[in-house]
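Student: requesting a structural model of the entry that follows:
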Amino acid sequence: MQVITARRPEWIFPFTGLQPTQFRKLVRLVAERGGDAIADGRPGRQWALDLADRVLLVAAYWRTNLTMRQIGPLFGVSHSAAHRIIDILAPLLALAPVRKRPVEQIAIVDGTLIPTRDHRLAARSKNYRYSTNLQVAIDASTRLVIAVGDPQPGNRNDTIVYRTSGIEEKLNGRPVMADGGYRGNPEVIMPYR
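Tutor: Coordinates of the predicted model:
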């Protein structure tokens, strides 16, 4: 029994954050990118869900962060079918990369500690786990990720990792904002508290 369906517009906004008209545009875009032809025309069993419901499943998965075992029954499919749908349709929902962003746009940089079991690159850090420090830069106006540095050992501070991870070169010529942990990098703007 399917609980959530795109045929009921009242379910679209709570699970995707999109208005029904925006969602219909998204379904058309996925259809243009080949979403309809993925299972149709192939030998074997067809999808249990139509394209609109499959797009809704992917959008709901991204928005709610439910597991496959949770989201599958909501749409009346198995968790393995939900995984196949997400695996196949997710690339079709991705934004097209912009060729070159204007240099005058401000970037915001911050580091995050990512726990890992791979001890070749990780080191014990302030969270007492083996982790890596990963620098992420976003565009200040759109909040989209524009650059990611190479992972560094988690026991290094942000100012060192900013210089050694390669993100400094990726953001060259662009105004960069960061928190107080980036002192010592003269090109980084640190706002007042």
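Student: buried residues in stretch 135-155?
Tutor: For stretch 135-155, burial by neighbour count (16 or more other Cβ atoms under 10 Å) applies to 135, 137-139, 146-147, 149, 151-154. All C-beta spots, glycine's among them, are computed from the backbone N, C-alpha and C.
Student: by contact count, what packs against the helix or strand bottoming out on mean pLDDT in the chain?
Tutor: Least confident helix or strand of the chain, by mean pLDDT, DSSP states H and E, is strand 123-124 with a mean of 80. Here strand 123-124 touches strand 130-139, going by 3 or more Cβ pairs under 8 Å, 6 or more residues apart in numbering; DSSP states H and E.
Student: buried ones in stretch 76-86?
Tutor: Here stretch 76-86 shows 77, 81-86 as buried, counting by 16+ other Cβ under 10 Å.
Student: I'd like the mean pLDDT over that stretch, please.
Tutor: Averaged across stretch 76-86, pLDDT comes to 90.
Student: list the residues that contact the residue nearest to residue 189 when sequence neighbours are not counted.
Tutor: Once flanking residues are discounted, residue 189 sits nearest to residue 177: 4.8 Å by Cβ to Cβ, 6 or more residues apart in numbering. Applying Cβ atoms under 8 Å, 6 or more residues apart in numbering to residue 177 gives the contacts 106-109, 140, 188-191.
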